[in-house]
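J.: Structure for the following, please:
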Amino acid sequence: MINTRFSVAVHILSLLASEPERRLSSSYMAASVNTNPVVIRRISGMLKQAGLLQTKPGVSGALITRAPEDITLLDIYRAVQQEDLLFSTHSSPSPDCPVGRNIQSTLDESFKRAQNAMEAELQKQSLADVTAHLFV
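T.: Model (predicted):
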């Protein structure tokens, strides 16, 4: 299931894209997101691991690593979503019930199509598309 990590990650990268030459601290970004700096650091670590932002040991703040038009929303989504799937079925339906026995296999194909459609849509949009609407 999608949680707020994705929207916070887009928020972080939008902030960094709006000031590409300035290292923004986790406290600064946390004030914009209205959350704790620890949340920003955790998500920033995921973005760093994905190569979307960089930090330096002993230096406060982060920088975006690519131009906003070169970062898709799918890149950001994949960086911060720990589960691969948008939808998942419950883990242990009863095998003694005909619905319980077949629900997972029945839903898997529908869920896969929905996941693919969502990823295709995110692939079409860049961070630049998002930031273009922020300062209108």
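
J.: So, low pLDDT: which residues of the chain?
T.: Applying pLDDT under 70 to the chain flags residues 1-2, 83-86.

J.: now the residue located most distally from the centre of it: how far from Glu19?
T.: What lies farthest from the middle of the chain is Asp96; by C-alpha atoms, centre = their mean that is 38.6 Å. Distance of Asp96 to Glu19, given as C-beta to C-beta, to the nearest Å: 59 Å. No exception for glycine: its C-beta is placed from N, CA and C like everyone else's.

J.: Dump the C-alpha coordinates for stretch 93-102 into CSV.
T.: C-alpha atoms of stretch 93-102 as CSV (Å, rounded to 0.1, in the frame of the first residue of the first chain):
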residue,chain,number,x,y,z
PRO,A,93,-7.3,-16.9,3.9
SER,A,94,-8.9,-20.2,4.8
PRO,A,95,-8.1,-23.0,2.4
ASP,A,96,-11.3,-24.7,3.5
CYS,A,97,-13.5,-22.0,2.0
PRO,A,98,-13.9,-21.8,-1.8
VAL,A,99,-13.6,-18.0,-1.7
GLY,A,100,-10.6,-18.2,0.7
ARG,A,101,-8.9,-20.9,-1.4
ASN,A,102,-9.1,-18.8,-4.7
